[in-house]
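Enquirer: Below are the sequence and a predicted model for it; my questions follow.
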Amino acid sequence: MEAVGILARSQSNERLYDRFRGRVLFSIRDPLNRPVGLGGRVLPESGSTSPAKYLNSPETPLFAKSSLLYGLDVARDAMRKSRTALVMEGYTDCIVAHQYGFANAVAVLGTALNEHHIRNLKHFVDQIVLVLDGDAAGKRRTNEVLELFVAREADLRILTLPEEMDPAEFLEAYGADAMKDLLATRAVDALDHAFQTATEGLDVQRDLDAVYRAVERLLAVIARAPGAGDGVSAQRQNREWMVLNKLAGMSHIPEDKLWARFAELRRADRRKRSSAAGTPAAEPQNEADAAAGPIDAFQRELLEILVAHPQCVAVVRDEIQPEQLAHRGCRAIYAACCRLADEGIPPTFQRLMLEFDEQALKSLLVELDESGRAKGVTQPEALLEDLSRRIQQNDKRLALDAGALRQTEDESQQMALFAQLVQQERARHGESNPTEG
């Protein structure tokens, strides 16, 4: 009984005592309906002086409150049918929800909703609705929820109840139909919730400085979301693109400014994590590069400028053809830029993201957009004209050398020309000669 936390030992005299005295007990079970712990809510008439309203079993080999959910054993079938989970913050909220017909309700065990909970729930549902009490404590969960929304790639929605009520109070006061109406009309995704909370009381159109400060706080949360310090996957980059695109629309801040500031915050967070770990910061690996080989400096610079300045496609459209780009990803992106421009559609970053289903190409686009914005090019037309000349000159030189190689029959001259071609290709791809170490 001591090992599972029903009894505890006094620090003063080592005597055992009832850990849950003066509390009504709730059996906590795992998803397979096996009892693994207890939760206790203090009874007002017990005279208990404990400051804790709820008390759970301590961490044991059977009980880990950060990954368990109260009621999951009885809610999982309803979750599978509805494909939705309602997550409450208390045992009694969960029980009352079931009494009012919400059989897909569960509750966290005195902790915030976390990535372990999300991972477990995604086995049963497509959508998770976190039902928060309508008080200040509920609003303080905003940043935690936003981090989960970005990092776990979950359809996570938030319902904040009115009048500072908890779910049990709301259901008993207004009934199941009122709760269904709130779920249908007021449950918003985590980004909407975070933005509404951060800008509460502000006029988004007029209080520009205050809105900028609020958005800065949200960007910092997104940049440090779990997993952000390591290599960022294509799926994660797509998620971030959608989040920042939506945030730009809500805040009326230009998207390029959001991306530039987000990139700064991401780099700062990565340096902070690396410093804490005592290791140098590792740059995220690019999925497209690994799949299709290195990108030479000409192609990278060309695409960085075009993604950041889509109006400049006309400068190089007639001079550079897609087949001149050796890198598969760059060739596909440049071809899409040319095709859209020919159709009279500006090939903006957002529009290009819609052109591709392949995650590697989306990942490459995000990388090019971020690095291009970080460079802050102010005269893109002049740079593009210079790049075009260099690419044309390089291609002509390669063609001449290759033609000479085919025409000569002198073996020593062939070897010299071949070595020259190899050296030019290495330089084109930014590689050093083997003898240079």
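Expert: Nice, I can see it. Bear in mind the structure is a predicted one, so any value in this text is a computation, not a measurement. Residues are numbered from 1 along each chain as shown.
Enquirer: switch to C-alpha atoms for all contacts and neighbour counts from now on
Expert: Will do.
Enquirer: Run a quick neighbour tally on residue 323.
Expert: Neighbour count of residue 323, defined by other C-alpha atoms under 10 Å: 12.
Enquirer: Apart from its chain neighbours, what residue comes closest to it?
Expert: Using C-alpha to C-alpha, 6 or more residues apart in numbering and skipping the chain neighbours, the partner closest in space to residue 323 is residue 331 (6.7 Å).
Enquirer: what secondary structure does the one you found sit in?
Expert: Under DSSP: H, G, I helix; E, B strand; the rest coil, residue 331 falls in the helix class.
Enquirer: which intervals of the stretch 1-150 of the chain have sub-threshold pLDDT?
Expert: 49, 51, 135-141 (pLDDT under 70).
Enquirer: so where do the helices sit in it?
Expert: 72-82, 91-99, 115-121, 136-139, 142-151 (DSSP state H, counting those that start in this stretch).
Enquirer: So which of the ones you listed is the most surrounded?
Expert: helix 142-151 (a mean of 22; mean count of other C-alpha atoms under 10 Å).
Enquirer: Which other helices and strands does that one contact?
Expert: Contacts defined by 3 or more C-alpha pairs under 8 Å, 6 or more residues apart in numbering; DSSP states H and E place helix 142-151 against helix 190-198, helix 208-223, helix 234-251.
Enquirer: Dump these into a markdown table; add mean pLDDT, mean neighbour count and distance to residue 369 as well.
Expert: Output for the helices and strands packed on helix 142-151, formatted as a markdown table (pLDDT from 0 to 100; neighbours: other C-alpha atoms under 10 Å; distance: least, C-alpha to C-alpha, whole Å):
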| stretch | mean pLDDT | mean neighbour count | distance to residue 369 |
| --- | --- | --- | --- |
| helix 190-198 | 88 | 20 | 22 |
| helix 208-223 | 87 | 18 | 16 |
| helix 234-251 | 81 | 18 | 11 |
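Enquirer: Make TSV out of those and add distance to residue 371.
Expert: What follows is the helices and strands packed on helix 142-151, written out as TSV (distance: least, C-alpha to C-alpha, whole Å):
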stretch	distance to residue 371
helix 190-198	25
helix 208-223	16
helix 234-251	14
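Enquirer: Residue 103: which of those helices is closest?
Expert: Closest approach to residue 103 among the helices and strands packed on helix 142-151 is made by helix 190-198 (23.2 Å; C-alpha to C-alpha).
Enquirer: quick one, the host helix or strand of residue 367 and helix 234-251 angle?
Expert: Counting by DSSP states H and E, the element that carries residue 367 is helix 359-375. With axes from the mean of the first three to the mean of the last three C-alpha atoms, to 10 degrees applied, the angle from helix 359-375 to helix 234-251 works out at 50 degrees.
Enquirer: distance between helix 359-375 and the chain's centre?
Expert: Distance, stretch centre to chain centre, for helix 359-375: 16 Å (C-alpha atoms, centre = their mean, to the nearest Å).
Enquirer: picking that back up, please render the helices of the stretch 1-150 of the chain as CSV that adds distance to residue 384 to the earlier fields.
Expert: Shown next, in CSV, are the helices of the stretch 1-150 of the chain (distance: least, C-alpha to C-alpha, whole Å):
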stretch, distance to residue 384
helix 72-82, 54
helix 91-99, 61
helix 115-121, 45
helix 136-139, 49
helix 142-151, 36
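Enquirer: what about residue 215, distance to residue 257?
Expert: Distance of residue 215 to residue 257, computed by C-alpha to C-alpha, to the nearest Å: 11 Å.
Enquirer: about what we covered before: now do the same for the helix holding residue 367: mean pLDDT, whole number.
Expert: Mean pLDDT, helix 359-375: 80.
Enquirer: What are the structural domain limits within this protein?
Expert: For the chain, the structural domains run 7-56, 72-198, 208-277, 287-390, 393-436, going by automatic domain parsing.
Enquirer: So which of those domains is nearest residue 1?
Expert: Nearest to residue 1 among these is domain 7-56 (5.7 Å), distances taken as C-alpha to C-alpha.
Enquirer: The helices and strands packed on helix 142-151: which one's closest to residue 341?
Expert: Closest to residue 341 of these is helix 234-251 (C-alpha to C-alpha; 22.0 Å).
Enquirer: where's the most centrally placed residue in the chain relative to residue 237, distance?
Expert: For the chain, the residue sitting closest to the mean C-alpha position, by C-alpha atoms, centre = their mean, is residue 150 at 3.0 Å. As for residue 150, its distance to residue 237 is 10 Å (criterion: C-alpha to C-alpha).
Enquirer: Then residue 17?
Expert: With distances taken as C-alpha to C-alpha, residue 17 is found 53 Å from residue 237.
Enquirer: Next, count neighbours for the residue nearest to residue 323.
Expert: Residues lying near residue 331 (other C-alpha under 10 Å) number 18.
Enquirer: Not counting the helix or strand harbouring residue 306 itself, show me its contacts.
Expert: According to DSSP H and E, residue 306 maps onto helix 297-308. By C-alpha atoms under 8 Å, 6 or more residues apart in numbering, the list of residues contacting helix 297-308 from outside reads 312-313, 325, 327, 330, 333-334, 347-349, 365, 368-369, 371-373, 377, 380, 384, 387, 391, 428-430.
Enquirer: Cool, thanks, talk later.
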